[in-house]
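Colleague: next input, structure requested:
(chains A, B, C and D)
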Protein chains: 2
Amino acid sequence: MGQTKPVLNQNSQQEDTKNRLLDAAEALFCENGYDGVSVRELTAAAECNLAAVNYHFGGKDKLYAEMFRRQFGIMIQRNIETIDRVMTDPGISLEDLLRAVMKPVMCSVIENETGGKVLRLLVRAVLNQQIDRNSFASEMKTQLFERLGRAILQLVPGIDPDKILLIVFSIDGAILHPFLFMDFYQETMPNLSIDDLLDHMVRFVAAGIRGYANPNQEGG
Amino acid sequence: MGQTKPVLNQNSQQEDTKNRLLDAAEALFCENGYDGVSVRELTAAAECNLAAVNYHFGGKDKLYAEMFRRQFGIMIQRNIETIDRVMTDPGISLEDLLRAVMKPVMCSVIENETGGKVLRLLVRAVLNQQIDRNSFASEMKTQLFERLGRAILQLVPGIDPDKILLIVFSIDGAILHPFLFMDFYQETMPNLSIDDLLDHMVRFVAAGIRGYANPNQEGG
DNA sequence: TAAAAATTGAAACAACTGTTTCAAACAACA
DNA sequence: TGTTGTTTGAAACAGTTGTTTCAATTTTTA
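Modeller: Predicted coordinates for the structure are as follows:
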């Protein structure tokens, strides 16, 4: 308990290797996928020994999952905070809420942020059944969906609460599509700006929601 | 050229092994992914020799691609025919078109059809960058998108043609989300029927499109 | 400083990978 | 029926995989 002693030395040293491995995992897995990266590549990038992955994480798969837990937790938390913050403003519109939720996600992929890349990899991992159902990802996402659903019910009167989950899923779909296939978007629409895209997304989804609130607008 | 000779014997014999391999590929790859299936498992399931994959297809990756080409071609063709058929009816509505396009896709996943499973795997493969951009898949999809865009412009007057691609992408997103995450849908909404889901999708997307046609419905 | 614990390093392990080889079996054709 | 070309079979190849081992080192505790 000496006062001058830099007590963090031990922890920072061991945490350093773990974090270097997590950083390497983010960079390499996002680029080449789980099977496209070997433990040897990971440890080389992290400048540590081959055995470190098993020593610190207990295996390649555990490191993979830990990488998701770290990044996904941050992103969901940010999303929830965004909704809470926006909803304190009494004069807020549905469009404002949608844009606030959509913008950071779109920006993360346009600007090639780590969070965006990991989230994209997470979707791949879910589809590839590499991370199990009912895991942290599912729980976190459910929590976010509930929060978003409540906000929409609050902003748009006349929506059947029984349908709110479907609506939130559709919003998720509207976000996920450009998020996952941004390359394709930019390839087929080279002049598309991020604001143009957001304008479209907000407009399309808002109309979809509002159409739900006012049932008889046009006969199907 | 004897009249009674069954001349197809040779061809059917060799095509048989190829088809057995393609069938095994569909079953196994869809279940476990590309890296999750070894050539030995494939040839065991197809009841042929280990070398057959390389002999008939030129490698594991070529078999993988060939499997997609066979199924995806069929599905896109069906989709295009559906649009063409529906659009010959002069009294058709936007909702009818959307439902006609969406229904077979949703049914394919609900009823666990091979086509649906392969299409789902194709999305995974695209995200995993296992099949190259500008391949058959991209061309086919572009063709379908153009057809769908023209149909919508025809059915809904007042849409800016410059925005039609974005709208079609959003429709694709609305379809892809339940298509990819049907497990999650059914888990969180156990009572959801296929018709309820289709009703929602059609309603949500149609409202999104119509909102585009009538810009000033609510101040954003 | 001495003992104990945590971490690293280099090597080996055991299993599996996709592909190639080449002789044997098969088909079709003359 | 003999010849030719195609398809199969069993084995081997060359390489990579994730993980383990255990001694050497470093760090922490007493």
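Colleague: does A:Ile194 touch A:Ser108 like I think?
Modeller: No. Because the distance of 11.0 Å does not satisfy CB atoms under 8 Å, A:Ile194 is recorded as not touching A:Ser108. Placement of C-beta: from N, CA and C, glycine included.
Colleague: neighbour count for those two, which is higher?
Modeller: Here A:Ile194 and A:Ser108 are set side by side on neighbour count (other CB atoms under 10 Å in any protein chain shown), and the busier one is A:Ser108, at 19 against 15.
Colleague: tell me the spacing between the more buried one and chain B.
Modeller: In this view, A:Ser108 and chain B are 16 Å apart by CB to the nearest CB, to the nearest Å.
Colleague: now A:Leu198
Modeller: Here the distance between A:Leu198 and chain B works out to 11 Å (CB to the nearest CB).
Colleague: number of nearby residues for that residue?
Modeller: A:Leu198 has 17 neighbours, counted by other CB under 10 Å.
Colleague: element containing it?
Modeller: helix A:194-213 (DSSP states H and E).
Colleague: how far off centre is that helix?
Modeller: Between the centre of helix A:194-213 and the centre of its chain there are 20 Å (CA atoms, centre = their mean, to the nearest Å).
Colleague: by contact count, what packs against it?
Modeller: Helices and strands in packing contact with helix A:194-213 are listed as helix A:94-110, helix A:164-180, helix B:164-180, helix B:194-213; criterion 3 or more CB pairs under 8 Å, 6 or more residues apart in numbering or on different chains; DSSP states H and E.
Colleague: tilt between the following helix or strand past the first one and helix A:164-180?
Modeller: Reading on from helix A:94-110 to the C-terminus, the next helix or strand found by DSSP H and E is helix A:114-127. Computed with axes from the mean of the first three to the mean of the last three CA atoms, to 10 degrees, the direction of helix A:114-127 lies at 120 degrees from that of helix A:164-180.
Colleague: tell me which residue is most central in chain A.
Modeller: Here the mean C-alpha position of chain A is nearest to the C-alpha of A:Leu119 (CA atoms, centre = their mean), at a distance of 4.4 Å.
Colleague: for that residue, which non-adjacent residue is spatially closest?
Modeller: The shortest distance from A:Leu119 to any residue that is not its chain neighbour, by CB to CB, 6 or more residues apart in numbering or on different chains, is 6.0 Å, and that residue is A:Met75.
Colleague: tell me if the host helix or strand of the one you found is near DNA strand D.
Modeller: Using DSSP H and E, A:Met75 sits in helix A:60-88. Yes. Counting by CB under 7 Å from any atom of the strand, contacts between helix A:60-88 and DNA strand D involve A:60-61.
Colleague: for that helix, which positions count as buried?
Modeller: The neighbour-count criterion (16 or more other CB atoms under 10 Å in any protein chain shown) identifies A:60, A:63-68, A:71-72, A:75-76, A:79-80, A:82-83, A:86-87 as the buried residues of helix A:60-88.
Colleague: go back to those residues and keep what's next to DNA strand C.
Modeller: Intersecting the buried residues of helix A:60-88 with the surroundings of DNA strand C, defined as CB under 7 Å from any atom of the strand, gives nothing.
Colleague: let me have the helices and strands packed on helix A:194-213 in a markdown table, extended by mean pLDDT and distance to B:Leu144.
Modeller: Listed next are the helices and strands packed on helix A:194-213 as a markdown table, based on pLDDT from 0 to 100; distance: least, CB to CB, whole Å:
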| stretch | mean pLDDT | distance to B:Leu144 |
| --- | --- | --- |
| helix A:94-110 | 97 | 24 |
| helix A:164-180 | 98 | 15 |
| helix B:164-180 | 98 | 9 |
| helix B:194-213 | 96 | 16 |
